[in-house]
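Enquirer: coords please:
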Amino acid sequence: MTSRLVALVVEAHDPARLARFWADLLGRTSVEDSHGVLVPGSATQLGLRFVASTSARVGPDRMHLHLTSTDPADQQHTVDRALDLGARHLDVGQRPDEGHVVLADPEGYALCVIEPGTAFLAGCGALGEVTCAGSRAVGLFWAATLGWPLVWDNGAETAVQSPRGGTKVSWDGPPVPPRHGRNRQRFELAVQADDLPDEVDRLVRLGAARLAGAEPGAVELADPDGNEFSLRPSR
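Expert: This is a model prediction of the structure:
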């Protein structure tokens, strides 16, 4: 059985507060467990897990989230809601004529509220996309890892999506920001407990590297671009 993408794990100084922000913004609930605070996803929407960390952000993050909108009023409502919940506007060099709105959540992570009519995100749901800095090779790795088809493959850019639809994961190609220690955002995968050893072997054959220091019961690996991710036995 191939791995199942459960959540994007996000390090935070106040994980409970950040989980509340995202749960309220997405209309979900948050659940505290032994691994942090989870804002569960669904069959088509990616979950978000927030874990405690005292590390400071150094350099740009390799991932950020795109939220969709159905019309201009809906886009403005999402922006206003995010600001009320503790977000702020963020200047990343976007042009005035660009339709998306760039914000930072309460811990400074960037998010974009995408303008309506963006065909690439049509039908993806509220959490439309996790967009990543990464090579084409890493996009192909994740397609094989998850068993998700490539829905975009153009030059150095790739994107994958579950056959069921929902949240897409995309890679913008180079330049990839340099690493400054452990990534503060990373994927959490799950697989049937009996399949865990074989799945680890499969991912290593696909190009992953096994890392030391994982939590008990979990395996930590790095994808071909060096991004950490965890693999846990599913409950």
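
Enquirer: tell me the secondary structure of Arg205, please.
Expert: With DSSP: H, G, I helix; E, B strand; the rest coil as the basis, Arg205 sits in helix.

Enquirer: and it, how many neighbours?
Expert: The burial metric for Arg205, expressed as a neighbour count using other C-beta atoms under 10 Å, is 9. Heads up, the C-betas are built off the backbone N, CA and C, glycines and all.

Enquirer: quick one: residues in contact with the top helix by length along the chain.
Expert: Across the chain, the helix with the greatest residue count (assigned by DSSP state H) is helix 72-85. Outside helix 72-85, the residues that touch it by C-beta atoms under 8 Å, 6 or more residues apart in numbering are 21, 24-25, 67, 69, 89, 101, 103, 105-106, 111, 113-116.

Enquirer: same question for stretch 216-224.
Expert: Outside stretch 216-224, the residues that touch it by C-beta under 8 Å, 6+ apart are 135, 137-138, 141-142, 145, 196, 200, 203-204, 207-214, 228-233.

Enquirer: next step: these restricted to helices.
Expert: Assigned to helices by DSSP H, the following of these qualify: 137-138, 141-142, 145, 196, 200, 203-204.

Enquirer: can I have the buried ones of these as a PyMOL selection?
Expert: Command for PyMOL that selects the buried part of the ones in helices among the contacts of stretch 216-224, burial taken from 16 or more other C-beta atoms under 10 Å:
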select buried, resi 138+141+142+145+196+200+203
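
Enquirer: any stretches of the chain with poor pLDDT?
Expert: Confidence mapping of the chain against pLDDT under 70 gives the ranges 1, 235.

Enquirer: let me see the ranges of the helices in it.
Expert: Read by DSSP H, the chain holds these helices, from start to end of the chain: 15-26, 72-85, 136-146, 196-206.

Enquirer: any chance of those helices in a markdown table, with distance to Ala122 too?
Expert: What follows is the helices of the chain, written out as a markdown table (distance: least, C-beta to C-beta, whole Å):
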| stretch | distance to Ala122 |
| --- | --- |
| helix 15-26 | 18 |
| helix 72-85 | 14 |
| helix 136-146 | 20 |
| helix 196-206 | 30 |
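
Enquirer: tell me which of these lies nearest to Pro177.
Expert: Checking the helices of the chain against Pro177 by C-beta to C-beta gives helix 136-146 as the closest, at 13.5 Å.

Enquirer: which elements pack onto that closest one?
Expert: strand 150-154, strand 157-161, strand 168-171, helix 196-206 (3 or more C-beta pairs under 8 Å, 6 or more residues apart in numbering; DSSP states H and E).

Enquirer: and the ones you listed: which comes nearest Ser34?
Expert: For Ser34, the closest of the helices and strands packed on helix 136-146 is helix 196-206, at 17.8 Å, according to C-beta to C-beta.

Enquirer: hey, which strand is longest across the protein?
Expert: For the chain, the longest strand by residue count, based on DSSP state E, is strand 4-12.

Enquirer: before we move on, the earlier item: so the longest helix of the chain versus helix 15-26, what angle?
Expert: Between helix 72-85 and helix 15-26, the angle comes out at 160 degrees (axes from the mean of the first three to the mean of the last three C-alpha atoms, to 10 degrees).

Enquirer: what residues sit buried inside helix 72-85?
Expert: Buried positions in helix 72-85, judged by neighbour count with 16+ other C-beta under 10 Å: 75, 78-79, 82, 85.

Enquirer: any idea how far the residue nearest to Ala104 when sequence neighbours are not counted is from Val51?
Expert: If the residues on either side of it in the chain are set aside, Ala104 comes closest to Leu90, at 4.3 Å by C-beta to C-beta, 6 or more residues apart in numbering. Leu90 sits 23 Å away from Val51, going by C-beta to C-beta, to the nearest Å.
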